[in-house]
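# got a predicted model here, sequence first, then my questions.
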Amino acid sequence: MKIQALFAAVALMIGAQLVNADEMQRFELTIKDHQFHPSEITIPANTRVLLVIHNQDDSPEEFESKALHIEKIIGGGKTATLKIGPLKPGSYPFVGEFHEDTAKGTIIVK
Amino acid sequence: MLGTAIIIFREVLEAALIIGLILAVTRGIAGRMRWIGIGIGAGLVGAVALALLADVIAPLAEGMGQELMNAIILLVAAGMLTWHLLWMKRHAASISQEIKAVGQALNDGDKEPFILAIIVGLAILREGSESVIFLYGLAAAGTSINDLMLGSGMGILAGIASGTVLYLGIARIPTGRLFQVSGWMLLLLTAGLVSQAASYLVQADLLPPLGYSMWDSSFLLSQQSLLGQVLHILVGYVENPMGIQLLVYLLTIALIGVAMKRMEQTPQRA
């Protein structure tokens, strides 16, 4: 009985994450000239959302956020999609690790 | 150029520390230098291959190909380290603690040096491919090859220096204690790699985070600092670990620890 309850709990937790991508809110970010546009995005708290990053530079960039535990290389001209959240309210900074002086931004969670 | 050096140094540091650690704790194992050399060579070749295949891998698995690839590399490395740990325990149980005696007993065509090669190769593979992608991007965007070579050369040298410092530091541990200390260091390294793999699997939407930030110790030790980076690599230190990372970290230590204890208790033929 206890094992079944454990399975059910884990299934519920994972299920909560598996919201259909089509139903998720989309937030777009563009990398151009080694900068993020916009450099600040606001997303709703406690919600799982889609973050779509378009790299419009010719060279690759590494999108990295320690606060969000995300690290992803995006090739020049490519687009990457990430699911983030549910997050508590706050600011979550991110950088483009290959061009950290210019490529930086924040995700604000309200 | 300095920026390049710093980025390359950060990428190289992980491989350098792991190689330094492996070299230091395997003194006395026959054939290891040759195999570790092979591992380094294969790792470099693999890094270039992985960099070239990056755009093919990334869109796989619903765009999570990169995350899965990284997680797999980390988990295979952790598996190899586990094998090595259990192997060391098995051979320690049947002979004296003298590392020299271990060296003699190991001339029996074991898979062990091959396992070391894989660990070393995988260590180079992941961060190496990121370095290649980074450098290739700079070159394509017009940075001079000279600047790139100087910058990456400096970064690589600094990385190798760090690995050497670690190696020399461990080499000073008296032989009697070395077995115990190296066991713990490798165990924590393995747990750290599994914890990193967990992070990629969360990113790939295959594991629940169980809380994005169990604590924030950045005020104590920032992961951006050199010590923070070193501890991140060697023991898996994360300034704001996810719940799942803590969970797999502790589970890894517990499971491997139990397996190692059982190795100790099993009577071995001398």
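Structure received. Numbering: from 1, shown residues only, chains lettered A, B, ... in the order given.

# can you map out the strands along chain A?
In chain A, the segments counted as strands under DSSP state E are A:26-32, A:35-37, A:40-43, A:49-55, A:61-65, A:70-74, A:79-84, A:90-96, A:104-109.

# so which elements touch the shortest one?
Right, the one you point to is strand A:35-37. Packing partners of strand A:35-37 (3 or more C-beta pairs under 8 Å, 6 or more residues apart in numbering or on different chains; DSSP states H and E): strand A:26-32. Just so you know, the C-beta spots here come from the backbone N, C-alpha and C atoms, and that holds for glycine as well.

# average pLDDT for the strand it packs on?
Averaging pLDDT along strand A:26-32 gives 97.

# name the helices or strands packed onto that strand?
Right, strand A:26-32 is packed against strand A:35-37, strand A:40-43, strand A:49-55 by 3+ C-beta pairs under 8 Å, 6+ apart.

# 6 Å - rerun?
strand A:49-55 (3 or more C-beta pairs under 6 Å, 6 or more residues apart in numbering or on different chains; DSSP states H and E).

# roughly how far apart are the residue of chain A found nearest chain B and residue A:80?
Closest residue of chain A to chain B, C-beta to the nearest C-beta: residue A:59 (3.5 Å). According to C-beta to C-beta, to the nearest Å, residue A:59 and residue A:80 sit 15 Å apart.

# what do you get for residue B:242?
21 Å.

# try residue B:128
Counting by C-beta to C-beta - residue B:128 and residue A:80 are separated by 21 Å.

# what's the answer for residue B:230, then?
From residue B:230 over to residue A:80 (counting by C-beta to C-beta), the distance is 29 Å.

# who has more neighbours, those two?
residue A:80 (21 against 17; other C-beta atoms under 10 Å in any protein chain shown).

# ok, and the closest non-adjacent residue to that one?
residue A:74 (4.6 Å; C-beta to C-beta, 6 or more residues apart in numbering or on different chains).

# what number of residues lie near that neighbour?
For residue A:74, the count of nearby residues is 22 (other C-beta under 10 Å).

# one more: residue A:88?
Residue A:88: 12 neighbours (other C-beta under 10 Å).

# also the one 3 residues further on?
With neighbours defined by other C-beta under 10 Å, the count for residue A:91 comes to 11.

# give the bridge partners for it, please.
Applying DSSP bridges to residue A:91 gives these bridge partners: residue A:108.

# and the helix or strand residue B:176 falls within with strand A:70-74, angle?
Residue B:176 is part of helix B:175-203 when elements are defined by DSSP states H and E. Taking axes from the mean of the first three to the mean of the last three C-alpha atoms, to 10 degrees, one finds helix B:175-203 and strand A:70-74 inclined to each other by 70 degrees.

# in the helix or strand following helix B:175-203, what's buried?
Where DSSP H and E defines the elements, the next helix or strand beyond helix B:175-203 is helix B:226-235. Neighbour counts using 16 or more other C-beta atoms under 10 Å in any protein chain shown place B:228-235 of helix B:226-235 among the buried residues.

# repeat for stretch B:166-175
By neighbour count with 16+ other C-beta under 10 Å, stretch B:166-175 contains the buried residues B:166-167, B:170, B:173.

# chain A: which of these is nearest?
Chain A has its nearest neighbour among these in residue B:166, at 23.6 Å by C-beta to the nearest C-beta.
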